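J.: I'll drop the sequence and a predicted model, then ask my questions.
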Amino acid sequence: MLSNSYKRILVPIDGSKATPKVMETAIQVARLNDAHLDILNVAQVNQLADGYADILALSEDQTFDLVQLVTARLRDLKEEALQAGVKSVDIHVRFGNPKQVIAKDFPLDHQPDLIVMGRTGLTALERVLVGSVTAYVQRFAPCDVLTVRI
């Protein structure tokens, strides 16, 4: 398994079918390196809503409910990591463009040494429309990126 003295590992998750395998890999690398693990979900509420924001925008109550749901799931993943032997885990919910948040904004704030993510959480059509988040992160992240095959 990967050991390169990584001390801060970021694992962005999107709730796709890739999440369990990505988490398993991130947990293994964090344990091996005795590293801190940051679990991140980027909520992109209006992903394809350019020009239709008024129609597709969530109300304050809907946004609150979404954040509560995502936070509960992240707490479950945090507990899974702690139970597996990771000593330090934080969870984060951010809003925005996942590409920008994962590759640039979050690393600026938290300085990860490694980002562990799945090849894709999108369907083929979504990749064509919005592009691959993983490919973008691989190009622009300021640290190593480990891509987990699903």
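T.: Good, I have the coordinates. Because the structure is a prediction, the values reported are computed rather than measured.
J.: which helix in the protein runs the most residues?
T.: helix 60-83 (DSSP state H).
J.: so how far is that helix from its chain's centroid?
T.: Between the centre of helix 60-83 and the centre of its chain there are 13 Å (C-alpha atoms, centre = their mean, to the nearest Å).
J.: Mind giving me the packing neighbours of it?
T.: Judged by 3 or more C-beta pairs under 8 Å, 6 or more residues apart in numbering; DSSP states H and E, the packing partners of helix 60-83 are helix 19-33, strand 36-43, strand 88-95. Yep, even glycine has a C-beta here, placed from its N, CA and C like the rest.
J.: okay, the angle between that helix and strand 88-95?
T.: Orientation check (axes from the mean of the first three to the mean of the last three C-alpha atoms, to 10 degrees): helix 60-83 against strand 88-95 gives 160 degrees.
J.: Show me which residues of helix 60-83 are buried.
T.: Burial within helix 60-83, assessed by neighbour count using 16 or more other C-beta atoms under 10 Å, is assigned to 70, 73, 74, 77, 78, 80, 81.
J.: Format those as a markdown table; extra columns: pLDDT and distance to residue 12.
T.: Conversion of the buried residues of helix 60-83 to a markdown table gives the following (pLDDT from 0 to 100; distance: C-beta to C-beta, whole Å):
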| residue | pLDDT | distance to residue 12 |
| --- | --- | --- |
| 70 | 92 | 12 |
| 73 | 96 | 13 |
| 74 | 97 | 11 |
| 77 | 98 | 12 |
| 78 | 98 | 14 |
| 80 | 98 | 16 |
| 81 | 98 | 14 |
